[in-house]
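Q: Sequence isn't available, so here's the structure alone:
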């Protein structure tokens, strides 16, 4: 049986990540709802990175798209009994990377790729990959 008390920091980061998804949802929904003729669940096709509604929606969608592998990697690593220190370090990098990605996506309207937000996306993605590998290695041991 895994002693979850060793993963308190990791569980806190997961809670912060989930809260971040909820905040992104409120921001995206609120920004869109203020638009005249807004239809729930529909983003106008003509919107691009120059429009905050588009950036807020994409920020939320991008986090949701990555949530499965982040939560899955964390659960795998924790249940497999991977090093609590490394799980916490990797989740710290993931959540802070996602947070900085969010802030930059909200504030910088660019079609450029890679954009400044891309570097934090990549950082979080690599940390997520490391977390999954850490979990797999813990299972194999």
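A: Sure, I can see it. Keep in mind it's a predicted model, so treat the numbers as computed, not measured.
Q: From now on I want contacts and neighbour counts done on CA atoms only, so please keep to that.
A: Fine.
Q: pLDDT of the helix or strand residue 8 falls within, averaged?
A: Taking DSSP states H and E as the definition, one finds residue 8 inside helix 8-33. Here helix 8-33 scores 95 as its mean pLDDT.
Q: Check which helices and strands it is in contact with.
A: helix 52-79, helix 84-107 (3 or more C-alpha pairs under 8 Å, 6 or more residues apart in numbering; DSSP states H and E).
Q: So for it, what gets flagged as buried?
A: 9-11, 13-14, 17-18, 20-21, 24-25, 27-29, 31-32 (16 or more other C-alpha atoms under 10 Å).
Q: Show me the shaky parts of the protein.
A: 1 (pLDDT under 70).
Q: Tell me which residue lies nearest the centroid of it.
A: Geometric centre of the chain, nearest residue: residue 63, 4.0 Å, by C-alpha atoms, centre = their mean.
Q: and residue 44, helix, strand or coil?
A: coil (DSSP: H, G, I helix; E, B strand; the rest coil).
Q: Tell me how far it lies from residue 116.
A: In this view, residue 44 and residue 116 are 25 Å apart by C-alpha to C-alpha, to the nearest Å.
Q: Same check on residue 50?
A: Going from residue 50 to residue 116 by C-alpha to C-alpha gives 15 Å.
Q: more crowded one of the two?
A: Neighbours were counted for residue 50 and for residue 116 using other C-alpha atoms under 10 Å; residue 116 has more, 15 against 12.
Q: Hmm, that one is touching residue 103, no?
A: No: judged on C-alpha atoms under 8 Å, residue 116 makes no contact with residue 103 at a distance of 10.5 Å.
Q: Before I go, just wanted to say thanks for your time.
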